[in-house]
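Enquirer: Here is the input, now give the coordinates:
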Amino acid sequence: MAFHKNIIVSVFVLCLFLFHVVSYVDGRFVVEKSSIKVLSPQKLRSNHDGAIGNFGVPDYGGFMVGSLVYPEKGNHGCQPFEGDKPFKFRSYRPTFVLLDRGECYFALKVWHAQLAGAAAVLVTDTFDEPLLTMDTPEESKDADGYIEKIGIPSALIEKSFGDTLKEALNNKDEVLLRIDWRESVPHPDNRVEYEFWTNSNDECGVRCNEQMDFVKNFKGHAQILERGGYTLFTPHYITWFCPKPFILTSQCKSQCINNGRYCAPDPEKDFGEGYQGKDVVYENLRQLCVHRVANETNRSWVWWDYVTDFHVRCSMKEKKYSKECADDVMRSLDLPIEKIKKCMGDPEADEENEVLKTEQQLQIGQGSRGDVTILPTLVVNDVQYRGKLERTAVLKALCAGFKETTEPAVCLTGDVETNECLERNGGCWQDKDANITACKDTFRGRVCECPVVNGVQYRGDGYTLCEAFGPARCSINNGGCWSETKNGLTFSACSESKVNGCQCPVGFRGDGKKCEDIDECKERSACQCDGCSCKDTWGGFDCKCNGDLLYIKEQDVCIERHGSKSGRILAFAVVAVVVGAALAGYIFYKYRLRSYMDSEIMAIMSQYMPLDQHNNDVQVEAQPLRQQGTV
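Expert: Here you go, the predicted model:
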């Protein structure tokens with residue numbers, strides 16, 4: 001009886017899936033690729049694509065160089081290899097193992113190669129066809145034991161490329177390959193946008209365990225990146241819809257909401273007991289609305305808290321997967337329950353649900369991103385992540401999505417990347433005395449870029465030259481110019497009045513990087529006056545005149561230190577004449593100023609205060625008028 005129930009469930013799920021696919025015929029599955037370059041032998045140097053396996057740990061943002069080996073026995077890799085790690089590192093290079101497709105699961109081949117010491121696995125196709133993604137088996141109890149333990153990368157390569165590699169190995173050529181993931185994730189700017197396609201169901205076996213373990217382990221990194229504005233995270237949930245001929249069946253009613261529009265498979269794959277598919281759809285909808293509502297208040301990272309808390313407190317295994325338990329979790333996180341309910345809408349209504357309708361549309365690939373058909377799936381900058389959902393592996397994929405030099409500090413830690421500036425300074429310019437370097441560590445490698453130190457900009461190519469630029473440059477290692485102190489005196493070739501360059505000060509010659517004292521006495525460039533004696537000093541010279549004469553350095557002459565009596569009288573007379581002339585000029589100036597002011601005052605008064613003569617004339621003329629006025 002249970003067997004027949006499982007068949008019915010499987011047929012129903014298959015119908016949901018087929019109707020989902022047929023409805024979106026324009027959709028497509030995109031194979032994510034890494035670059036594989038043949039480094040040797042020279043005649044085979046070329047670039048090829050490899051389809052990244054959806055298990056193991058691809059080295060996103062990095063690359064690996066290794067020697068290729070094709071097993072003499074067991075070239076399908078379906079049985080454990082004989083010996084104690086026969087593929088362990090050869091000298092200082094890791095070993096890549098080439099295996100043939102077929103006879104067993106892809107993941108099993110890679111697992112056996114990993115146990116034998118392989119650092120990476122290439123599986124060559126047996127057909128001339130487009131590359132496909134190697135995935136884990138959907139249903140295999142045996143696979144549950146090793147899939148999570150695979151920690152090396154793998155890729156499927158085309159048959160023609162595989163045949164070329166085999167031929168070279170048969171000819172005893174050393175085949176050296178570089179597998180490169182540095183461009184597998186686009187990195188256009190300083191913010192990474194990523195999506196996580198998941199499911200609230202925790203009864204779907206190894207895949208459900210994998211995604212919930214990932215959410216719990218990655219929560220800390222995700223919230224730090226989101227709070228810092230480094231990432232934009234969006235959760236998504238896959239739903240199917242029920243074909244019209246099945247809408248009124250009990251199976252469709254138990255697995256779908258909104259009259260068959262949004263469905264999920266039965267968690268236990270048994271329609272007669274446990275939870276139903278519509279319970280999963282409803283909780284998926286709730287988790288979407290938790291993110292939407294939290295995002296409106298700039299608390300989008302609370303989604304990670306809700307999902308992890310719900311999984312712990314409301315597990316299906318403990319029969320606590322319910323609306324009431326979800327409400328308790330939302331209250332504990334101070335989430336607005338009524339707003340979230342309003343976002344969810346009415347699951348019993350025969351109408352579209354705006355949130356879930358959007359999810360079904362987004363599931364179909366657009367642009368460079370393909371359809372989302374595998375759960376769980378992580379999408380980074382519109383490229384689907386391939387490999388195990390493991391904390392460090394996913395963090396590397398996100399870090400690979402940042403534009404060079406814009407990565408947050410978490411991407412530059414020792415357990416995520418190797419600091420290439422620590423070895424030979426990355427081949428960049430360096431000032432060891434000032435401890436300044438042009439090498440800047442990045443997630444994908446390093447860049448040689450002249451730095452800014454304490455507000456001082458350095459300019460140059462970053463590889464062989466960087467020079468301080470600006471008025472403050474002399475404060476850092478003297479601007480890279482010459483400087484020396486002797487006998488309490490300091491001279492420098494760096495001038496704060498100039499924004500760049502070095503110039504030896506007066507008394508020295510050189511290129512500014514190195515300056516030497518000039519012997520003015522020996523070169524007879526100073527102290528050449530009659531009766532002078534010259535003595536060279538560091539940075540200058542001393543010149544003395546014979547007798548009581550005084551040396552004037554600017555004119556390089558000697559003059560008398562004290563003048564004669566007649567000279568003093570003459571000087572006094574001259575001073576007296578100058579002072580007298582100045583005093584007379586001042587008195588004349590004051591007299592002219594006073595006269596000018598008097599004339600100005602008179603002119604102003606004449607306009608407003610007429611003279612007496614004018615007043616008398618006015619009175620005589622006005623007299624008859626006054627007499628007439630008395631008649």
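Enquirer: What number of residues are in the vicinity of residue 497?
Expert: 6 (other Cβ atoms under 10 Å). Yep, even glycine has a C-beta here, placed from its N, CA and C like the rest.
Enquirer: can you pull out the helices in the stretch 401-550 of the chain?
Expert: Secondary structure of the stretch 401-550 of the chain, counting by DSSP state H, counting those that start in this stretch: helices at 520-523.
Enquirer: Run through the strands of it in chain order.
Expert: 430-431, 436-437, 439-441, 446-448, 452-453, 456-459, 467-469, 483-486, 489-492, 508-510, 515-517, 532-537, 540-545, 549-552 (DSSP state E, counting those that start in this stretch).
Enquirer: how distant is the fifth one from the center of its chain?
Expert: Think strand 452-453. 19 Å (Cα atoms, centre = their mean, to the nearest Å).
Enquirer: quick one: contacts of that strand?
Expert: Residues outside strand 452-453 that contact it (Cβ atoms under 8 Å, 6 or more residues apart in numbering): 434, 436, 458, 476.
Enquirer: thinking the third one is in contact with residue 434, fair?
Expert: Okay, so that is residue 458. No - counting by Cβ atoms under 8 Å, residue 458 does not reach residue 434; the two are 10.3 Å apart.
Enquirer: Which residue, other than its chain neighbours, is closest to residue 212?
Expert: residue 311 (5.3 Å; Cβ to Cβ, 6 or more residues apart in numbering).
Enquirer: Where does that neighbour sit: helix, strand or coil?
Expert: helix (DSSP: H, G, I helix; E, B strand; the rest coil).
Enquirer: How much space separates it from residue 213?
Expert: 10 Å (Cβ to Cβ, to the nearest Å).
Enquirer: More neighbours: the two, which one.
Expert: Higher neighbour count among residue 311 and residue 213: residue 311, with 20 against 15, using other Cβ under 10 Å.
Enquirer: dump the residue contacts of residue 36.
Expert: 47, 48, 49, 50, 122, 155, 157, 161, 177, 178, 179, 180.
Enquirer: and it, what element?
Expert: strand 33-40 (DSSP states H and E).
Enquirer: what about that strand, distance to the chain center?
Expert: 26 Å.
Enquirer: Could I get the average pLDDT for it?
Expert: Mean pLDDT, computed over strand 33-40, is 95.
Enquirer: And stretch 253-272, by the same measure?
Expert: Computed over stretch 253-272, the average pLDDT equals 88.
Enquirer: As CSV, the strands of the stretch 401-550 of the chain with mean pLDDT would be great.
Expert: Output for the strands of the stretch 401-550 of the chain, formatted as CSV (pLDDT from 0 to 100):
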stretch, mean pLDDT
strand 430-431, 92
strand 436-437, 93
strand 439-441, 93
strand 446-448, 92
strand 452-453, 90
strand 456-459, 90
strand 467-469, 87
strand 483-486, 91
strand 489-492, 91
strand 508-510, 94
strand 515-517, 93
strand 532-537, 88
strand 540-545, 88
strand 549-552, 82
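Enquirer: In JSON lines, list those along with mean neighbour count and distance to residue 315.
Expert: Below are these laid out as JSON lines (neighbours: other Cβ atoms under 10 Å; distance: least, Cβ to Cβ, whole Å):
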{"stretch": "strand 430-431", "mean neighbour count": "18", "distance to residue 315": "56"}
{"stretch": "strand 436-437", "mean neighbour count": "20", "distance to residue 315": "52"}
{"stretch": "strand 439-441", "mean neighbour count": "20", "distance to residue 315": "43"}
{"stretch": "strand 446-448", "mean neighbour count": "20", "distance to residue 315": "46"}
{"stretch": "strand 452-453", "mean neighbour count": "15", "distance to residue 315": "53"}
{"stretch": "strand 456-459", "mean neighbour count": "18", "distance to residue 315": "57"}
{"stretch": "strand 467-469", "mean neighbour count": "21", "distance to residue 315": "62"}
{"stretch": "strand 483-486", "mean neighbour count": "13", "distance to residue 315": "71"}
{"stretch": "strand 489-492", "mean neighbour count": "15", "distance to residue 315": "73"}
{"stretch": "strand 508-510", "mean neighbour count": "15", "distance to residue 315": "78"}
{"stretch": "strand 515-517", "mean neighbour count": "17", "distance to residue 315": "78"}
{"stretch": "strand 532-537", "mean neighbour count": "15", "distance to residue 315": "89"}
{"stretch": "strand 540-545", "mean neighbour count": "17", "distance to residue 315": "88"}
{"stretch": "strand 549-552", "mean neighbour count": "14", "distance to residue 315": "99"}
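Enquirer: Of all these, which one is nearest residue 41?
Expert: strand 446-448 (29.9 Å; Cβ to Cβ).
Enquirer: The closest residue in space to residue 33 that isn't next to it in sequence - how many residues pack around it?
Expert: Spatial nearest neighbour of residue 33, excluding adjacent residues (Cβ to Cβ, 6+ apart): residue 49 at 4.5 Å. Using other Cβ under 10 Å, the number of residues around residue 49 comes to 16.
Enquirer: got the angle for the helix or strand harbouring residue 49 vs strand 33-40?
Expert: For residue 49, the host element (DSSP H and E) is strand 46-52. Here strand 46-52 runs at an angle of 140 degrees relative to strand 33-40 (axes from the mean of the first three to the mean of the last three Cα atoms, to 10 degrees).
Enquirer: Send me the helix or strand following strand 46-52 as PDB with only the CA atoms.
Expert: Next in sequence after strand 46-52, counting helices and strands by DSSP H and E, comes strand 63-69. Once non-C-alpha atoms are left out, strand 63-69 reads as follows in PDB (Å, rounded to 0.1, in the frame of the first residue of the first chain):
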ATOM      1  CA  PHE A  63      43.100  29.100  -9.700                       C
ATOM      2  CA  MET A  64      45.100  25.800  -9.400                       C
ATOM      3  CA  VAL A  65      48.000  24.500 -11.400                       C
ATOM      4  CA  GLY A  66      48.700  20.800 -11.400                       C
ATOM      5  CA  SER A  67      50.000  17.800 -13.300                       C
ATOM      6  CA  LEU A  68      47.400  15.600 -15.100                       C
ATOM      7  CA  VAL A  69      47.200  11.800 -14.500                       C
END
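Enquirer: For strand 63-69, buried residues please.
Expert: Across strand 63-69, burial judged by 16 or more other Cβ atoms under 10 Å covers 63, 64, 66, 67, 68, 69.
Enquirer: Give me the residues contacting it.
Expert: Under Cβ under 8 Å, 6+ apart, the answer for strand 63-69 is 39, 87, 90, 93-98, 118-120, 122, 153, 165, 169, 174-182.
Enquirer: Drop anything exposed from these.
Expert: By 16+ other Cβ under 10 Å, the contacts of strand 63-69 give 87, 94-98, 118-120, 122, 153, 165, 175-177, 179-182 as buried.
Enquirer: centroid residue for the chain?
Expert: Centroid check for the chain by Cα atoms, centre = their mean gives residue 406 as the closest residue, at 2.4 Å.
Enquirer: can you tell me the helix or strand for residue 341?
Expert: With DSSP H and E as criterion, residue 341 is part of helix 337-344.
Enquirer: Can you name the next helix or strand after that helix?
Expert: That would be, after helix 337-344 and using DSSP H and E, helix 354-362.
Enquirer: if we can go back for a sec, now the buried residues of strand 63-69 in a markdown table, with pLDDT and distance to residue 245?
Expert: Shown next, in a markdown table, are the buried residues of strand 63-69 (pLDDT from 0 to 100; distance: Cβ to Cβ, whole Å):
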| residue | pLDDT | distance to residue 245 |
| --- | --- | --- |
| 63 | 93 | 53 |
| 64 | 94 | 52 |
| 66 | 94 | 55 |
| 67 | 95 | 58 |
| 68 | 95 | 54 |
| 69 | 95 | 55 |
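Enquirer: That's all I had, so thanks and see you.
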